[in-house]
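Asks: A predicted structure for the sequence below; I have some questions about it.
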Protein chains: 2
Amino acid sequence: MQDRVNERLEARSNTKAQILSAALASFGTAGYDGTSLDDLARGLGIRKQTILYHFVSKRGLLNAVVDRCAGDLTGAMDEVLSGADRDWERVEALVRRVFRVALEQPVLLGLLREVSRPGSPGAQRLRNHMEPMMARARVWIEGEMAAGRMRRADAQLLLISAYSTVVGVATETEVLRAAGIEPTLRPVVQRRRELLNFLRSSLDPRD
Amino acid sequence: MQDRVNERLEARSNTKAQILSAALASFGTAGYDGTSLDDLARGLGIRKQTILYHFVSKRGLLNAVVDRCAGDLTGAMDEVLSGADRDWERVEALVRRVFRVALEQPVLLGLLREVSRPGSPGAQRLRNHMEPMMARARVWIEGEMAAGRMRRADAQLLLISAYSTVVGVATETEVLRAAGIEPTLRPVVQRRRELLNFLRSSLDPRD
DNA sequence: CAGGCTATTTACCAGTTGGTAGAGAGCGGC
DNA sequence: GCCGCTCTCTACCAACTGGTAAATAGCCTG
């Protein structure tokens, strides 16, 4: 009996999850406007109305996708910000953790890129997710600066610079592919190193 | 008589040029799929069929826009590559020149971003424009390396890294705006400095 | 077995999309 | 005065868009 309930719950989340991940991929590559619900459904072997049943509207689907991605990101950042690392080590851990998420889920980067366009539907929603996390990071950094454990700098601008570097990885991967080069880890690792260097030179008091 | 001819020619290029720049702005902000010919025409106070008369199809319009932008970019690069600067100075001049184009025409960056997505219509066309210029730059850099005037490095990867940094400026501007910060020159200048530092540390033999 | 809930379907719709066909206006050359 | 060229327009269309309404089937509970 309970098995049956589980089975149905699994079946539900299965369809829903499949729609979600297919939508993530499509929004991230073809863009929001470039994605049609009919195509999406066809790709999954279901009818468009099933998508609308689960997510009410195309906009609702986008929101759900954004929510999931933002959750993955803020969750990862949360782990680090609740962790034991301190001072500069924490900054480094944060960067490495975010890059790890990005590398594990390349499609996530595509969506991030698509949705960071101002005026894009979902831009506001992404911002609502990221802002508290950014504010938290900012408060922490500014605290470190005040305590003399980090050099003084514009924390806000620093964070945005870091964020856009991560999104920029998506751009670079695409440029590489467009240039006919199968993307490797190398440029990504290089970007990460650049970002770490930049942050270290801005923040590390030992420099 | 000749006046009349000129007037007509001017009128022609006027409409066509207006369509072109409006399309550039719309493709760069709303994206290709997010741009409708009807809206575009309405914004210009003309009928959609006038657009189609001048550019045959929506795709044709995109191609024309890409051609213009790529022309601006390769033209700028061409100037420098035909100029008097040598060695590292030439690299620096190249970077500064390209950034100048990007700053003078922010919409161009938006289009570049839109069109660098692989699978995007126009991606191939952009590539066809950029490739010869990239190849030329690469040959030159590799020559400098062989002559010992630059340090050895992967010229191809270096160029792509530089290119995606420029495109990344578009991303950053948008992220800034999405974060509610009116974009200023500062982050752009910073990106340019970062890129120059990166290139210098990779190429300048004096380092 | 009746009733209700969940999930998916078929049938349908109004609005928008890019694009075609063709008419008309203004002009210069013959 | 008429032809032909360039440019812009009106009229129209088939295909597709996101979305609504309602039917159906399977399952659990009472």
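Replies: All right, it came through fine. Numbers count the residues shown, from 1 in each chain, chains lettered A, B, ... in the order given.
Asks: so where is chain A shaky, pLDDT-wise?
Replies: Flagging of chain A using pLDDT under 70 yields the residue ranges A:1-13, A:207.
Asks: try it again at 80.
Replies: Judged by pLDDT under 80, chain A has its weakly predicted residues at A:1-13, A:118-119, A:174-183, A:206-207.
Asks: which stretches of it form helices?
Replies: When secondary structure is read from DSSP state H, chain A shows helices at A:2-30, A:37-44, A:48-55, A:58-81, A:87-104, A:106-116, A:123-146, A:155-178, A:185-203.
Asks: could you dump those helices into JSON lines with mean neighbour count and distance to chain B added?
Replies: (Each C-beta comes from the backbone N, C-alpha and C, glycine too.) Compiled in JSON lines, the helices of chain A are given as follows (neighbours: other C-beta atoms under 10 Å in any protein chain shown; distance: least, C-beta to the nearest C-beta, whole Å):
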{"stretch": "helix A:2-30", "mean neighbour count": "15", "distance to chain B": "6"}
{"stretch": "helix A:37-44", "mean neighbour count": "16", "distance to chain B": "12"}
{"stretch": "helix A:48-55", "mean neighbour count": "16", "distance to chain B": "18"}
{"stretch": "helix A:58-81", "mean neighbour count": "18", "distance to chain B": "13"}
{"stretch": "helix A:87-104", "mean neighbour count": "17", "distance to chain B": "14"}
{"stretch": "helix A:106-116", "mean neighbour count": "23", "distance to chain B": "5"}
{"stretch": "helix A:123-146", "mean neighbour count": "16", "distance to chain B": "5"}
{"stretch": "helix A:155-178", "mean neighbour count": "22", "distance to chain B": "4"}
{"stretch": "helix A:185-203", "mean neighbour count": "17", "distance to chain B": "7"}
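Asks: tabulate the ones you listed (TSV), appending distance to B:Ser120.
Replies: Conversion of the helices of chain A to TSV gives the following (distance: least, C-beta to C-beta, whole Å):
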stretch	distance to B:Ser120
helix A:2-30	9
helix A:37-44	16
helix A:48-55	24
helix A:58-81	19
helix A:87-104	21
helix A:106-116	12
helix A:123-146	19
helix A:155-178	9
helix A:185-203	20
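Asks: with B:Arg191 as the reference, name the closest of those helices.
Replies: In this view, those are compared for proximity to B:Arg191 by C-beta to C-beta, and helix A:155-178 is the closest at 8.6 Å.
Asks: taking helix B:123-146 as reference, get the angle to the closest one.
Replies: With axes from the mean of the first three to the mean of the last three C-alpha atoms, to 10 degrees applied, the angle from helix A:155-178 to helix B:123-146 works out at 100 degrees.
Asks: what sits against the nearest residue to A:Thr35 once chain neighbours are set aside?
Replies: Leaving out its chain neighbours, the residue that sits closest to A:Thr35 by C-beta to C-beta, 6 or more residues apart in numbering or on different chains is A:Ser26, at 4.4 Å. Contact partners of A:Ser26, counting by C-beta atoms under 8 Å, 6 or more residues apart in numbering or on different chains, are A:34-35, A:39-40, A:43.
Asks: out of the helices of chain A, which gets nearest to B:Asp72?
Replies: The stretch from these with the least distance to B:Asp72 (C-beta to C-beta) is helix A:155-178; that distance is 18.3 Å.
Asks: so how far is A:Ser57 from the residue nearest to A:Thr35?
Replies: Between A:Ser26 and A:Ser57 the distance is 16 Å, computed by C-beta to C-beta, to the nearest Å.
Asks: again, but for A:Thr165
Replies: When C-beta to C-beta is applied, the distance between A:Thr165 and A:Ser57 equals 33 Å.
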